[in-house]
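Peer 1: Predicted model and sequence below, questions to follow.
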Amino acid sequence: MSITAKELAKQLNLSEAAISMALNNKPGVSTLTRKRVLQAAVSAGYDFSRISNTNETPASNGTLYFVIYRKNGAVVPNSPVYTHTEHGVLVQDVPFFSQLSEGIDLGCRHCHYYLNISYIYENDDIEALLSEWKRLGAKGILLLGTEMEEHDIKPFTRCGLPVVLIDNYFEALNLDCVTINNLQGAYLATDYLIKQTHAQPGYLHSSYIITGFEERADGFYKAIRKSGMSTSRSVVHHLSPTVDGAYGDMKAVIESGDELARCYFADNDLIAAGAMRALSEAGYRIPEDISVIGFDDMPMCTYITPPLSTVHVPKQYMGEIAVKRLAEIINSTSASHVKIEISTEIIKRKSC
């Protein structure tokens, strides 16, 4: 069962009044206390739909759950920071997920739903959690499936609640999803590299296999073939999909004396930034010696040196569309399943 405000007060050794002020985003408690209460409430499964909102019109249609599924932790963050909103809490620690959750929160406001956000790990008793949420009256689930494999989806498809999968897609599953057009984005980025450098692009490929990165690989090789180049001649380095991991891996590649390409497409901005750091330390000038383009358009792209060219993903819009689609499913008894792909665009900066 979900925790009550009274139980939360006892657990944190705070007054019930302090808990109420923190949960309802009212003055009277410190920022630190408010943050502590919100993190404990989310961790303990507090039902935020209990929070009254006298200014909300029309009445809420119920509660949606935004589930962030964490498996290997290579891409999805492990230690979220939460901020309270009228409808729930927003994830704020990693730009991709914070912007996505902001879009989901905005979509819930437009469609008049409360929002609960929950991290789920692959070893959790997922069926028990889903059963509890259903008992509490959950209307549907927005499932961030970035790190998920096909078999991980099964508990969600069996739970009896409408589900929209975000940032992943599986051909064998009859399931609604909202995802990035990864193939298009990688194709555009690689084609841009070729036109800028007139050289065979290399590939900074994630060492962790997820569906989105494999789709980006398809786009990379499609652009190579379209240009008349041989895919077998593209230099590929497998790097960890984090800044520090990619830096260490790329440093090892350079020190080993492996062949380097004149330009690179990276599976994400974190890989690109880590690799650029290693290349710069080894004396390579960017973009004069080696050009690099990333994917995601994270805020860091503008303050690394040189600013990183990348593929922009409208993350907030993804969240809004996912809520809209889930609301359509909830309100229809005969809705067909759809795959919605969000288009991307190239952001040209100084790294190419």
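Peer 2: Looks like it arrived, so ask away. The shown structure was predicted, so the numbers you read here are calculated from the model rather than taken from an experiment.

Peer 1: For this structure, which segments are assigned as helices?
Peer 2: Taking DSSP state H, the helices of the chain run over residues 5-12, 16-23, 31-43, 95-111, 126-135, 154-158, 182-197, 211-226, 243-256, 269-281, 315-330.

Peer 1: wait, which of these is closest to I166?
Peer 2: Closest to I166 of these, according to CB to CB: helix 315-330, at 5.2 Å. For glycine as for every other residue, the C-beta is placed from the backbone atoms N, C-alpha and C.

Peer 1: isn't C301 right up against T310?
Peer 2: Yes: counting by CB atoms under 8 Å, C301 touches T310, with 5.3 Å between them.

Peer 1: Neighbour count for those two, which is higher?
Peer 2: Between C301 and T310, T310 has the larger neighbour count (other CB atoms under 10 Å), namely 30 against 21.

Peer 1: Okay, the closest residue to the more buried one other than its chain neighbours and Y317: tell me how far apart.
Peer 2: For T310, ignoring the flanking residues on the chain, the nearest one in space by CB to CB, 6 or more residues apart in numbering is G294 at 4.1 Å. G294 sits 20 Å away from Y317, taking CB to CB, to the nearest Å as the criterion.

Peer 1: Have a look at the two and say which one is more surrounded.
Peer 2: Remark: of G294 and Y317, G294 carries more neighbours, 30 against 17, as counted by other CB under 10 Å.

Peer 1: quick one: contacts for the more buried one?
Peer 2: 266, 268-269, 271-273, 301, 308-311 (CB atoms under 8 Å, 6 or more residues apart in numbering).

Peer 1: Turn those into TSV, including distance to Y169 and pLDDT.
Peer 2: Converted to TSV, these look like this (distance: CB to CB, whole Å; pLDDT from 0 to 100):
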residue	distance to Y169	pLDDT
A266	22	98
N268	18	95
D269	22	95
I271	22	96
A272	24	97
A273	27	96
C301	26	93
L308	27	97
S309	26	98
T310	22	98
V311	18	98
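
Peer 1: Would you confirm that I166 contacts E147?
Peer 2: No: using CB under 8 Å, I166 is not in contact with E147, being 11.9 Å away.
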